[in-house]
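Asks: I'll drop the sequence and a predicted model, then ask my questions.
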Protein chains: 2
Amino acid sequence: MQITPAELEIMNVLWRAPGLGAAEIADALKDDKSWNIRTIKTLLARLVEKGALTTEQDGRRYLYRPAVEQGAYQKKEAGRLVDRLFGGRAAPLVAHLADARGLDEDDIAELEALLGKLKK
Amino acid sequence: MQITPAELEIMNVLWRAPGLGAAEIADALKDDKSWNIRTIKTLLARLVEKGALTTEQDGRRYLYRPAVEQGAYQKKEAGRLVDRLFGGRAAPLVAHLADARGLDEDDIAELEALLGKLKK
DNA sequence: GCTTATGGACTACACCCGTAGTCAATCTAG
DNA sequence: CTAGATTGACTACGGGTGTAGTCCATAAGC
């Protein structure tokens, strides 16, 4: 199930707030993307068609909610990136992230906890 | 400078061994991808056109070498993924990677060293 | 009640991408 | 020297993707 970058914007909204209608999604996105409502409806239709969203009739309109778990999707995509760019090794990716964007205190603490658990 | 997945396969070869000709690249890829030499040449032409490769004439053929650093490209793409999928936070990505693919001893050691340095 | 806004369904269209094919020139094996 | 292989340049083409437009039915404002 391939989700394109534009479609992902929609998914991100619905993962945060499942069960919105097209107009509400448009509203949630209006600050970041200047998308015509038609565009959003096209993306919604494609996502439904490819099984990434389910619909529920609500009067004259549909309410949309994700049919795929955000975590599962993130995991799959992260794995793909690591394979494509880093030959499957995760550590260099983390090093790059640390360098490019900097990890803050919380990130570092979180990672340390994670490593501790992994070493167990 | 957008590099597509297919183009990235070429870049990966040239990052490892800059200065190859089309036929040599085809040879380096023949085990993983069953690409026609035409396909490879098309990808090379597109990469040159978008400035990701430089060429050097060598008799009747070209030798290709990357015009972008692998590290810089990796960094940019890693950042894009984190933004698109994780709202900019790196730690959840690492958690996913650890979960999905498992980090081995070396990875863990590497990350610990990295965190140590970051905490400085 | 008429007009206008809104909903979903279907259609459009240009550009990108993967995957080659054609062509003309040139190199190479016999 | 001739026939085939190889090279880069250009062309092709179907499916995916971003970005809407059209159509028809219905809801809502006046």
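Replies: Perfect, thanks for sending it.
Asks: now the helices: where do they sit in chain A?
Replies: Secondary structure of chain A (DSSP state H): helices at A:5-16, A:22-29, A:37-49, A:70-86, A:90-101, A:105-119.
Asks: For the shortest one, output the C-alpha coordinates as CSV.
Replies: Written as CSV, here are the backbone C-alpha positions of helix A:22-29 (Å, rounded to 0.1, in the frame of the first residue of the first chain):
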residue,chain,number,x,y,z
ALA,A,22,-13.3,16.4,3.7
ALA,A,23,-14.1,20.0,4.7
GLU,A,24,-12.7,19.6,8.1
ILE,A,25,-9.5,18.1,6.8
ALA,A,26,-9.2,21.0,4.4
ASP,A,27,-9.6,23.3,7.3
ALA,A,28,-6.9,21.5,9.3
LEU,A,29,-4.5,21.8,6.4
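Asks: As a markdown table, the helices of chain A with mean pLDDT would be great.
Replies: Below are these laid out as a markdown table (pLDDT from 0 to 100):
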| stretch | mean pLDDT |
| --- | --- |
| helix A:5-16 | 97 |
| helix A:22-29 | 96 |
| helix A:37-49 | 97 |
| helix A:70-86 | 92 |
| helix A:90-101 | 80 |
| helix A:105-119 | 82 |
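Asks: any chance of the ones you listed in CSV, with distance to DNA strand D too?
Replies: Placement of C-beta: from N, CA and C, glycine included. Listed next are the helices of chain A as CSV, based on distance: least, Cβ to the nearest atom of the strand, whole Å:
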stretch, distance to DNA strand D
helix A:5-16, 3
helix A:22-29, 11
helix A:37-49, 3
helix A:70-86, 13
helix A:90-101, 23
helix A:105-119, 29
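Asks: Tell me which of these sits most buried.
Replies: helix A:90-101 (a mean of 20; mean count of other Cβ atoms under 10 Å in any protein chain shown).
Asks: Please list the residues outside that one that contact it.
Replies: Residues outside helix A:90-101 that contact it (Cβ atoms under 8 Å, 6 or more residues apart in numbering or on different chains): A:81-82, A:85-86, A:103, A:111, B:71, B:74-76, B:78-79, B:82, B:88, B:90, B:93-94, B:97-98, B:101, B:103, B:106-107, B:110-111, B:114, B:118.
Asks: Repeat that for stretch A:59-78.
Replies: A:1, A:3, A:11, A:14-15, A:18-23, A:25, A:44, A:47-48, A:51-57, B:81, B:85-86, B:92-93, B:96-97, B:99-100.
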